[in-house]
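Colleague: just to be clear, the model below is a prediction. Sequence and coordinates:
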Amino acid sequence: MHPEEFRRHGHELVDWMADYLSGVGDLPVTPAVRPGDIRRRLPTSPPDQGEPFAALFGDFRDLIVPGMTHWNHPGWFAYFPCNNSPPAILGEMLTAAMGAQCMSWATSPAATELEQVAMDWLRQMLGLPQEFVGVIQDTASTAALVALLSARERATGGAAGRRGMDAGLGLTVYASREAHSSIDKGVKLAGYGLDRLRRIPGDAAFALDPAALERAIQEDVAAGLKPACVVASIGTTSSTAVDPVPAIAAICRRHGIWLHVDAAYAGAAAIVPELRGYFAGMEAADSIVLNPHKWLLTNFDCTAYYVRDRDALLSTFSITPEYLRTAHDAEVVNYRDWGIQLGRRFRALKLWFVIRSYGVEGLRAIIRRHVALAAELAGWVDQSADFERVAPVPFGLVCFRYRPVGKSEKELDGLNERLLAEVNATRRVCLTHTRLGGRYVIRMVIGQRATEREHVVEAWKLIREAAARL
Ligand SMILES: *Cc1c(COP(=O)(O)O)cnc(C)c1O
């Protein structure tokens, strides 16, 4: 592509992006497609000769966009939000334009140093003590694996890395029953084995019971096993339950166990002073993860991973073959030693753009708006005779179910499954479900940048209308 062509198409694309962002609310949230529909309309083999950009872009507009799920839509209430924002998109464009590979300081000095600055800004915003240092990972799942690997290395005094698996020590890991599936995956991948993952029961609010954690640890120690890592969640995926981190941290300290705090979604709320109470004890963790790509307006992917002891990270991940040695290694941070991948994208730029564009107060205002809307929705659910709220609402997620009188639990599960399908079939909104205490529950997360009160009002209306039709 000729530079002048690039310029012209680049301008066209920015125009398209601006129109898309302002008009996405008028599109259906979810596409009306069946498996294979898109693929069938695409050529099965690559073109021999280059095509004009207009042809590519036309196919993007006509074939790809109608097959996309619009996470940007103000009616997006599913899963957890995955936000972006105009400054983050512009930052991604510049990252793409430079195409730098930021594995070490020398391969892009400014990328490394900006990552240090952005991670330290975010640390201050979260109210974390100065001893925490941060690194951007691709996802919270990778960060969980990194934490489990570091914990394994520490618990075996480095023997796991040399001898493999858990060096024959019988390492164990603990997490609540509601902890994210990435913990199971990490336990598998890090060689602990799923049989060594203890799922600790929770209380009525789905938060981990520290007394049960203490008992499980003592039983394992008595059986000759070695507890290596506890994962505490602040904001579980099903219901945003908050584990009692201060009590869990005290147990970890007593037994010398690595504490990983998973705040992938909710962590962003720690920038709001009046919500910081939910994060009590977080400063006692060995590692903490939160996703600016969920609730802090930064394009996927951008996961912030903080550790207290950077040596524990380096001793797990640092491997320096001759061809990667540089003259500055003693004075600089080489982020390739802070995680699994060697090659790294320049992710700090978009986060830096977001923090500077909105300012800390601007970001707080957005989170406050979402939390207030969730509280309002929770109130409507509570006031409605036919609906039941099934978990506390500390952040932006409301878990509820339709509960007309005289139905069995099994019938209620079926009714709510149908209700969710009906509501989503409008394609005006998208919600998802989970199971809490064995019950089928509808989850509605308010966390999209563009979501305003009118959208929550509309969703609640669609839900009640669909319930009345069942
Ligand atoms: C979303 C989420 C994850 C996984 O995040 P990814 O960045 O998609 O890997 C892990 N834990 C919790 C609590 C989450 O909400």
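Modeller: All right, it came through fine. Residues are numbered from 1 along each chain as shown.
Colleague: A helix includes residue 95, no?
Modeller: Yes. Assigned with DSSP: H, G, I helix; E, B strand; the rest coil, residue 95 falls within a helix.
Colleague: check contacts around it.
Modeller: Residues near residue 95 by C-beta atoms under 8 Å, 6 or more residues apart in numbering: 345, 346, 347, 349, 350. (Each C-beta comes from the backbone N, C-alpha and C, glycine too.)
Colleague: name the nearest of those relative to the ligand.
Modeller: residue 347 (12.7 Å; C-beta to the nearest ligand atom).
Colleague: so the residue nearest to that closest one when sequence neighbours are not counted, which of the three states?
Modeller: Nearest non-adjacent residue to residue 347, counting by C-beta to C-beta, 6 or more residues apart in numbering: residue 136, 4.7 Å away. Assigned by three-state DSSP, the conformation of residue 136 is strand.
Colleague: how near is residue 136 to residue 144?
Modeller: 15 Å (C-beta to C-beta, to the nearest Å).
Colleague: between these two, which one's more packed in?
Modeller: Counted by other C-beta atoms under 10 Å, residue 136 and residue 144 do not tie: residue 144 has more neighbours, with 32 against 27.
Colleague: what residues are up against residue 346?
Modeller: Residue 346 makes contacts with 95, 98, 100, 102, 108, 111, as judged by C-beta under 8 Å, 6+ apart.
Colleague: for these, which one is nearest residue 193?
Modeller: Using C-beta to C-beta, residue 102 is the member of the contacts of residue 346 that lies nearest residue 193, at 34.3 Å.
Colleague: wait, a helix at the closest one?
Modeller: No. Counting by three-state DSSP, residue 102 is not found in a helix; it is coil.
Colleague: what's the local residue count around the spatially closest residue to it that is not a sequence neighbour?
Modeller: Once flanking residues are discounted, residue 102 sits nearest to residue 111: 4.0 Å by C-beta to C-beta, 6+ apart. Counted with other C-beta under 10 Å, residues neighbouring residue 111 total 24.
Colleague: buried ones in whichever strand or helix holds residue 111?
Modeller: Assigned by DSSP states H and E, residue 111 belongs to helix 109-126. If you call a residue buried by 16 or more other C-beta atoms under 10 Å, then helix 109-126 has these buried ones: 111, 112, 114, 115, 116, 118, 119, 121, 122, 123, 125, 126.
Colleague: what's residue 185 sitting at in phi/psi?
Modeller: Main-chain torsions, residue 185, degrees, to the nearest 10: phi -60, psi -50.
Colleague: residue contacts, it?
Modeller: Counting by C-beta under 8 Å, 6+ apart, residue 185 touches 141, 144, 145.
Colleague: near the ligand, from those?
Modeller: Checking those against the ligand by C-beta under 6 Å from any ligand atom, the ones in range are residue 141.
Colleague: which of the contacts of residue 185 fall in strands?
Modeller: Here DSSP state E is the test, and those give no hits in strands at all.
Colleague: now, among the contacts of residue 185, which is nearest to the ligand?
Modeller: Once C-beta to the nearest ligand atom is applied, the member of the contacts of residue 185 that ends up nearest the ligand is residue 141, at 3.3 Å.
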